[in-house]
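> what's the 3D shape of this:
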Amino acid sequence: MDENGEQAGVVAIQDALDKAENAELDLVEVAPNSKPPVCRLMDYSKYRYEKAKKAKEAKKKQKVIQNKEVRFRPNIEDHDLNTKVTKAREFLNDGDRVKITIMFRGREMAYLDRGPILMKKIMKHLGEDVHMEYSPTMEGRFMTTVVTLKKGGN
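The predicted structure is shown next:
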């Protein structure tokens, strides 16, 4: 293919190289596995620049989802609970995933049954448009789950 993108037909390698040198362009192999291999006359540095520019533009448009964590204790008071739930809700509205962790320390380990109750209370405060990715699990002294907004949410 020539510099205008038109088919030049089957050309000997030396002829193609001479043509590229006369036009001050590069001979780039586009499809090496085809019979015969397909080559193109182009300014390769300009092609690489435009490709990098497109990739940079595409990267600007993508949204990076971050994982945030909000930690609770089983004996948390209502006001503190509301404050932390409000912060978790802000993270969700920003498009982030939120890991909810309930920490049990010392004698609190004897009252593990309070964890699921608190988790239900947190989910109720977060609202109907919040989806729990997996049910709460105990990992050592921590009960964790991850929540996101449902697809039709904010």
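
> span of stretch 19-31 from start to end?
The stretch stretch 19-31 measures 19 Å between its terminal residues, going by C-alpha to C-alpha, to the nearest Å.

> got the buried residues for that stretch?
With burial defined by 16 or more other C-beta atoms under 10 Å, the residues of stretch 19-31 counted as buried are 19-20, 25-27. Any C-beta I mention is one placed from the backbone N, CA and C, and that applies to glycine too.

> nearest to Val146 among the residues you listed?
When those are compared for distance to Val146 (C-beta to C-beta), Asp26 comes out closest, at 49.8 Å.

> go ahead and confirm that closest one touches Asp43.
Yes. Shown here, Asp26 and Asp43 form a contact pair, counting by C-beta atoms under 8 Å, at 6.6 Å.

> need the strands for the chain, in chain order.
In chain order, the chain shows strands spanning 26-31, 38-42, 67-72, 97-103, 130-132, 137-139, 142-149, with DSSP state E as the criterion.

> could the ones you listed be laid out in CSV, adding distance to Ile13 and mean pLDDT?
As requested, these are arranged in CSV below (distance: least, C-beta to C-beta, whole Å; pLDDT from 0 to 100):
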stretch, distance to Ile13, mean pLDDT
strand 26-31, 8, 80
strand 38-42, 8, 83
strand 67-72, 54, 92
strand 97-103, 54, 93
strand 130-132, 59, 88
strand 137-139, 63, 89
strand 142-149, 56, 92
